[in-house]
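Undergrad: just need the structure, nothing else, for what follows:
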Amino acid sequence: MFVQKLESLRHCFQTKNVRAIKKLHAHLLRTGLLFISPGFESKLIFTYTTCLHRNNSKTLTLLLNRINPANPLPFNMILSDYCRNGFSFLALQTFYFMHAIGVPLDTYSFCCSSVASCSMKDVKFGAQIHFLVEKSGWLSSVFVGSALVELYAKLSLINDAAKMFDEIPVKNTVCANALLSGYGEANH
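TA: Have a look, this model is predicted:
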């Protein structure tokens, strides 16, 4: 039955049928199926927000308010879905919402928000993410550091990318490639 409901949700997403999504949502609430998996709840929120209106902040906020803020997993799943599917604006709104209500930010949320910020070419939001990374102690993560190097490099802020690279305590090929790629793109 759970797989069938996932298929129904996927169909609603493909057809952008908001009425069918609401009907499915009501059924899931009545039967208790909505609470079987945090991933299912995340997929429902993703489907709602992407089918209603591309920048529907009010709906996103209403739906995110229903998730337990102590658990970052459903938020990170939504963040990831938005990034993967080209909804960077909604990804940044989700990240902002997470921070505002005290959801624990982790490597995953910082990396996804950096990707979204880069996609939006939003230097200011990227700098705010960098500040939060420093403030929360995640700068020691090579994954977060690499995401920030890539953010600055792709936004043609090569000096900031190099500075960020130097701040990463343990470097790997991912952060080195991000910096080298930035240097290559800046020279063209």
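Undergrad: shaky segments in this structure?
TA: Within the chain, the stretches with pLDDT under 70 are 1-2, 38, 52-57, 188.
Undergrad: quick one: the helices in it, in order.
TA: Secondary structure of the chain by DSSP state H: the helices cover 2-15, 18-31, 38-52, 57-64, 72-84, 88-101, 107-120, 123-136, 142-154, 158-167, 173-186.
Undergrad: point out the most buried one among those helices.
TA: Mean neighbour count (mean count of other Cβ atoms under 10 Å) peaks for helix 142-154 among the helices of the chain, with a mean of 25. C-beta here means a position set from N, CA and C on the backbone, and glycine is covered the same way.
Undergrad: chain center to that helix: distance?
TA: 15 Å (Cα atoms, centre = their mean, to the nearest Å).
Undergrad: okay, the angle between that helix and helix 123-136?
TA: Here helix 142-154 runs at an angle of 160 degrees relative to helix 123-136 (axes from the mean of the first three to the mean of the last three Cα atoms, to 10 degrees).
Undergrad: between helix 173-186 and helix 142-154, find me the angle.
TA: Going by the same axes, to 10 degrees, helix 142-154 makes 0 degrees with helix 173-186.
Undergrad: now the residue nearest to the spatial centre of the chain: how far from residue 48?
TA: By Cα atoms, centre = their mean, the chain has its centre lying nearest to residue 79, at 2.5 Å. Per Cβ to Cβ, to the nearest Å, residue 79 is found 15 Å from residue 48.
Undergrad: returning to what we had before: isn't the residue nearest to the centre of the chain up against residue 91?
TA: Yes - under the criterion of Cβ atoms under 8 Å, residue 79 makes contact with residue 91 at 5.4 Å.
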